[in-house]
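*Asks:* Coordinates for the following, if possible.
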Amino acid sequence: MTMATYAPSPAWELRARALADTRVAAPLGIGLLLALSLALRTVNLGAGLWIDEGLSAGIADRPLADIPGVLRRDGSPPLYYMLLHVWIGVAGRSEEGLHTLSVLFALATVPVAFWAGGLLFDRRTAWVAALLAAVNPFLTLYAQEARMYALVILLGLVATTCWARAFCVDPPEDGRSVRRGPALGFAAALAAMLYTHNWALFFGMATGLAFLGLVWRAHGGERRRLLRTGLEGYGGTALLYAPWVPSVLYQAANTGAPWSKAPSLQTLTEVPARLLGIEAEIALLLVGGAGLVAIVGGRAAGRLTSQGRTVVGLLAVGVLTILLAWLSSQLSPAWANRYLSSGLAPFLLLSAAGLAHAGRLGLAGLAIVVLLWVGEAPPAEKSNARAVSREIEPSLRPGDLVVVTQPEQVSVLHYYLPAGLHYATLTGPVPDVGVTDWRDGVDRLRAASPERELAPLLDALPAGRRVVLMQPIFYYIGRWNAPWNEQVREQSRAWEQHLSNDPRFGVTLEAPAEPYPSRPNPVRATVFLKR
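*Replies:* Purely as a prediction, here's the structure:
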């Protein structure tokens, strides 16, 4: 008698194989993408710090509870600096230690992008989104910088995904009227963005305008659901952000960005190239755009599908974030390409969805984009402050005076120069070398003069001491016509002339030697000895 054997059905085998593939392939694939991301984003981990990174180290290197208060002078929110303070205790204050925190944020975007693509679209989009997050050159640039921009991108990815899930995706079929989980996730992520960088305000306003558009298009029960969900999402953000509102209002009234000028229309048109790469933007717009049109073109019961609404919503949020920032900077200039980090997430997800739904052409486009992005390496040098500091360091002794005509350079110079030196800027001695006081900065620079601020310091300096005059190299005057920068340029000439005319001081060293370098943020030092 023959015993019957159990033969699994083909459908069961397919489900089992799919489950096994998910459990094995997903961790393996994400691991490989993380390895690729790590390789790309640690190439210049030990690069010298530039102005803003010196400020990061200076602000973070103080008691944790003091950071929010000192930022009233700087104009930034506190979250990144507080995280960096904790991280310094683990990794130290070396360039590599300071940069590694941003590397970790950049690495985290890979699995988060995978989660976002799968949650909003499908599995294929999830993999494309993770791959794009692993190699995006804008993120690669700021993954190796001791600043908050990699964290902003990570939080923006979470906030964008939760927003789209809460407001664009069809409600669940179990009768719940409010997407409480995504709404609360959006509230927490947006609040964290606001505590990280002030341009998150433009991102928040963009999501608000897109949300109102969705409410306007909805009817009946769907409109009521959106309003209730919006109350939880935006109300939660307001409650979490409320403690910082007095500080940000004070900063807006007293600090600002006097080093910036109103961006041109050309600057606005260059944003896609900044975020997506100059060559890659063409492939993404043409191929990815075709995929997005296919998604939006799909209809269910005569209306956009959840994925179609998600595409429209993401496009609205991304475009409005940049447009609101550009319009605001026409009235009160505060534009910098690095601030575009607040608007990267929607475009990254749209690129992934478009390429994933463009068929074979999408695969070809993805290959081209990845090859172009991998080839865009971040700069190996962001400033010559480290090189100049090392060149003049052997000639300096404790008690010598360092006069910095670009006040925001003090922190990075203090990071590299030996201990025991005294620092002064155009407005006089610097009591706190870790932060730049931007409050009413332009007015204070206009009121400064070498006779009033510099002369007393020179008179008080004993014979045998040295004065280092550290000033920027003005290799491109077009970068020096914003209100703050113009004062720095004019005052630098006056202060150099004053020191050169003082017969008590003679030049002993100049660095770097002419011709001066045209590197980013270059400085030059002139060392004077008091006879």
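*Asks:* mind listing the strands for this protein?
*Replies:* Assigned by DSSP state E, the strands in the chain fall at 299-300, 303-304, 401-404, 422-425, 428-429, 466-472, 505-511, 523-530.
*Asks:* Could I get the average pLDDT for stretch 208-225?
*Replies:* Averaged over stretch 208-225, pLDDT sits at 91.
*Asks:* I misspoke; the intended subject was stretch 312-326.
*Replies:* What stretch 312-326 shows for mean pLDDT is 96.
*Asks:* Go ahead and confirm Ser102 touches Tyr142.
*Replies:* Yes. Using C-beta atoms under 8 Å, Ser102 is in contact with Tyr142, at 6.4 Å. C-beta coordinates here come from the backbone N, C-alpha and C atoms, glycine included.
*Asks:* ranking the strands of the chain by burial, who's on top?
*Replies:* strand 401-404 (a mean of 26; mean count of other C-beta atoms under 10 Å).
*Asks:* Which elements pack onto that strand?
*Replies:* Applying 3 or more C-beta pairs under 8 Å, 6 or more residues apart in numbering; DSSP states H and E, one finds that strand 401-404 makes contact with helix 410-416, strand 422-425, strand 466-472.
*Asks:* now do 6 Å
*Replies:* strand 422-425, strand 466-472 (3 or more C-beta pairs under 6 Å, 6 or more residues apart in numbering; DSSP states H and E).
*Asks:* Which of those sits closest to Val370?
*Replies:* With respect to Val370, and counting by C-beta to C-beta, the nearest of these is strand 466-472 at 37.9 Å.
*Asks:* Parallel or antiparallel, list what pairs with that closest one.
*Replies:* Looking at strand 466-472 with DSSP bridges, its partner strands are strand 401-404 (parallel), strand 523-530 (antiparallel).
*Asks:* For the last one, C-alpha coordinates in PDB please.
*Replies:* C-alpha atoms of strand 523-530 as PDB (Å, rounded to 0.1, in the frame of the first residue of the first chain):
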ATOM      1  CA  VAL A 523      41.600  83.500   3.500                       C
ATOM      2  CA  ARG A 524      45.000  85.100   3.800                       C
ATOM      3  CA  ALA A 525      47.100  85.900   6.900                       C
ATOM      4  CA  THR A 526      49.600  88.700   7.500                       C
ATOM      5  CA  VAL A 527      51.600  88.300  10.600                       C
ATOM      6  CA  PHE A 528      53.000  91.600  12.200                       C
ATOM      7  CA  LEU A 529      55.500  91.800  15.000                       C
ATOM      8  CA  LYS A 530      55.300  94.700  17.500                       C
END
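*Asks:* per-residue pLDDT, Ala20?
*Replies:* pLDDT, Ala20: 49.
*Asks:* same check, this time on Val43
*Replies:* If you check Val43, the pLDDT there is 92.
*Asks:* burial measure for it, as a count.
*Replies:* Neighbourhood size, Val43 [other C-beta atoms under 10 Å]: 13.
*Asks:* I'd like the distance between it and Ser341.
*Replies:* Counting by C-beta to C-beta, to the nearest Å, the gap from Val43 to Ser341 is 20 Å.
*Asks:* neighbours around the residue lying closest to Trp163 once chain neighbours are set aside, how many?
*Replies:* Nearest residue to Trp163, sequence neighbours excluded (C-beta to C-beta, 6 or more residues apart in numbering): Phe186, at 4.8 Å. If you count neighbours by other C-beta under 10 Å, Phe186 ends up with 30.
*Asks:* Give me the pLDDT value at Phe186.
*Replies:* The predicted local confidence for Phe186 is 97.
*Asks:* Check Thr229 too.
*Replies:* At Thr229, the model reports a pLDDT of 93.
*Asks:* Hmm, it is touching Arg165, no?
*Replies:* No. Look at Thr229 against Arg165 with C-beta atoms under 6 Å: they stay out of range, at 10.2 Å.
*Asks:* Quick check: the closest residue to Phe121 other than its chain neighbours vs Gly297, distance?
*Replies:* In this structure, Phe121 finds its nearest non-sequential neighbour in Ala353, 5.1 Å apart by C-beta to C-beta, 6+ apart. Going from Ala353 to Gly297 by C-beta to C-beta gives 13 Å.
*Asks:* so where is the stretch 201-350 of the chain shaky, pLDDT-wise?
*Replies:* Filtered on pLDDT under 70, the stretch 201-350 of the chain yields the residue ranges 299-302.
*Asks:* quick one: the helices in it?
*Replies:* Under the criterion DSSP state H, counting those that start in this stretch, the stretch 201-350 of the chain contains helices at 220-241, 245-254, 265-269, 271-276, 280-283, 289-297, 306-331, 344-356.
*Asks:* out of those helices, deepest packed?
*Replies:* Burial of the helices of the stretch 201-350 of the chain is given as mean neighbour count (mean count of other C-beta under 10 Å); helix 344-356 ranks first at a mean of 28.
*Asks:* by contact count, what packs against it?
*Replies:* Counting by 3+ C-beta pairs under 6 Å, 6+ apart, helix 344-356 packs on helix 123-135, helix 149-167, helix 306-331, helix 359-374.
*Asks:* and the third one, what other elements does it pack with?
*Replies:* For helix 306-331, the contact count by 3+ C-beta pairs under 6 Å, 6+ apart identifies helix 200-217, helix 289-297, helix 344-356 as packing neighbours.
*Asks:* Now do the second one against helix 344-356: the angle between them, please.
*Replies:* Think helix 289-297. Note on geometry: by axes from the mean of the first three to the mean of the last three C-alpha atoms, to 10 degrees, helix 289-297 and helix 344-356 are set 90 degrees apart in direction.
*Asks:* what about helix 289-297, distance to the chain center?
*Replies:* From the chain centre to the centre of helix 289-297 is a distance of 30 Å (C-alpha atoms, centre = their mean, to the nearest Å).
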